[in-house]
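Colleague: when you get a sec, could you give me coordinates for this:
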Amino acid sequence: MSARRALVIALVLAGIIHILGVLAIPARVTHGAYQRVLAATGADRITLMPRVKPPLPDLDPAFVHALCRYDVTTRPLSLAGPMPATAWFVTIVDDRNREAGSFGSGSVAGSALSLLLGSPAMIEERRNLEAVAAADRVAIAVERPAGFVLIGVFAEDDAARAPLEAALAALACGPA
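Modeller: Prediction:
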């Protein structure tokens, strides 16, 4: 075997090992977003995120953030309430730290948030039962039963934060 061929084989093997190592990192993380939220919040309730050392780093400081942890093993989750007139978003993250869904104020009719979260079977059952009443409700089926919902509302300045925090704290987060 020539030296050139041995070098090419060694580089290919090194590249494969490197790629596999990088791809394995997310599966090896033991203190991901879900684990930090689990330690900082209670289930089925709204928890406002502190501005100093929040459990989720790297969030946009121009937004007021709140979390609702969920477990839809036995029943769906409902997150509902009036939302401020400013821009807002909702992101669902599962217990494997993967985004399971998201939407924002631009994709919802009206000024209220109404989210139904559950397994595909739960969502289908609710749609059949509440066909008319759920016209403005966003229904998201999740593959993993546990996770959290992150809600963010844009605050133009520090003076706007207090009323936005009160609005987020007033959201109902619990069993549907």
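
Colleague: in the worst-scoring helix or strand of the chain on mean pLDDT, what's buried?
Modeller: When the helices and strands of the chain are scored by mean pLDDT, DSSP states H and E, helix 33-40 comes last with a mean of 76. For helix 33-40, burial by neighbour count (16 or more other Cβ atoms under 10 Å) applies to A33, Y34, R36, V37, L38, A40. The C-beta positions use only the backbone N, C-alpha and C, and glycine is treated the same way.

Colleague: how is the nearest residue to the fourth one once chain neighbours are set aside assigned, secondary-structure-wise?
Modeller: Okay, so that is V37. In this structure, V37 finds its nearest non-sequential neighbour in F148, 4.7 Å apart by Cβ to Cβ, 6 or more residues apart in numbering. Secondary structure, DSSP: H, G, I helix; E, B strand; the rest coil: F148 is strand.

Colleague: ok, now C173?
Modeller: Under three-state DSSP, C173 comes out as strand.

Colleague: identify the residues contacting it.
Modeller: By Cβ atoms under 8 Å, 6 or more residues apart in numbering, the contact list for C173 reads D44, R45, I46, C68, Y70, L77, S78, L79, V149.

Colleague: run through the bridge partners of it.
Modeller: Here C173 shows beta-bridge partners L79, assigned using DSSP bridges.

Colleague: list the contacts of L59.
Modeller: Residues in contact with L59 (Cβ under 8 Å, 6+ apart) are M49, H65, G152.

Colleague: now do 7 Å
Modeller: Applying Cβ atoms under 7 Å, 6 or more residues apart in numbering to L59 gives the contacts H65.

Colleague: okay, it and I123: tell me how far apart.
Modeller: To I123, L59 is 28 Å away according to Cβ to Cβ, to the nearest Å.

Colleague: the closest residue to M49 other than its chain neighbours: neighbour count?
Modeller: Nearest residue to M49, sequence neighbours excluded (Cβ to Cβ, 6+ apart): H65, at 3.9 Å. Look at H65: counted by other Cβ atoms under 10 Å, it has 21 neighbours.

Colleague: burial of the nearest residue to T86 once chain neighbours are set aside, as a residue count?
Modeller: Leaving aside its chain neighbours, T86 sits nearest to F154 (4.8 Å; criterion: Cβ to Cβ, 6+ apart). F154 has 16 neighbours, counted by other Cβ under 10 Å.
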